[in-house]
Structures are given as C-alpha cells and as structure tokens.
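J.: Have a look; sequence and predicted model below, questions after that.
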Amino acid sequence: MDMQNQIQKSGKHGEIEFYIEERCKDYVKSRLPITEGILNPFGVVQAGATV
C-alpha cells in the first residue's frame, strides 16, 4: 500500500494532549501522552514529538 492510500485510510484527525507540568525561568517541563492522535498513519510516533 502506498503512503497516500495509507494516510487516507487511517482517517487521522491529529488531536493530541499536551500538558505544561512546570514552568520556571530556565525551563519548562511538559507531558505529551502517547495517544491515538499522536501516531502517524503507520502507528508510529513521529520522532520530533518526542524531543
């Protein structure tokens, strides 16, 4: 199956959860749970989301 067909078949809508847990002068601590909305059409988390 080619990528375009996989994307269309997945019906993904891109909703994610993102939480700011702590905010200080020098850093921000956040949380991004791995949920259905963060997965790409192949069922894998995009690497940029985990940084």
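T.: Nice, I can see it. Numbers count the residues shown, from 1 in each chain.

J.: tell me the centre residue of this structure?
T.: residue 38 (2.7 Å; C-alpha atoms, centre = their mean).

J.: and the gap between that residue and residue 21?
T.: Between residue 38 and residue 21 the computed distance is 17 Å (C-beta to C-beta, to the nearest Å). C-beta coordinates here come from the backbone N, C-alpha and C atoms, glycine included.

J.: ok, back up a step: so the residue nearest to the centre of the chain sits against residue 45, correct?
T.: Yes - with contacts counted by C-beta atoms under 8 Å, residue 38 reaches residue 45, the gap being 5.8 Å.

J.: any idea of the pLDDT on residue 25?
T.: Listed pLDDT for residue 25 reads 95.

J.: How about residue 21?
T.: 94.

J.: Assumed it was part of a helix.
T.: No - Residue 21 is assigned strand when assessed by DSSP: H, G, I helix; E, B strand; the rest coil, not a helix.

J.: you'd agree it is up against residue 29?
T.: Yes - between residue 21 and residue 29 there is a contact at 4.7 Å, judged by C-beta under 8 Å.

J.: How about the contacts made by the closest residue to residue 19 other than its chain neighbours?
T.: Distances taken as C-beta to C-beta, 6 or more residues apart in numbering put residue 31 closest to residue 19, at 4.5 Å, once the chain neighbours are dropped. Shown in contact with residue 31 (C-beta atoms under 8 Å, 6 or more residues apart in numbering): 18-19, 21.

J.: how about the helices in the protein?
T.: 3-10 (DSSP state H).

J.: Which parts of it are strands?
T.: Using DSSP state E, the strands found in the chain span residues 19-23, 28-31.
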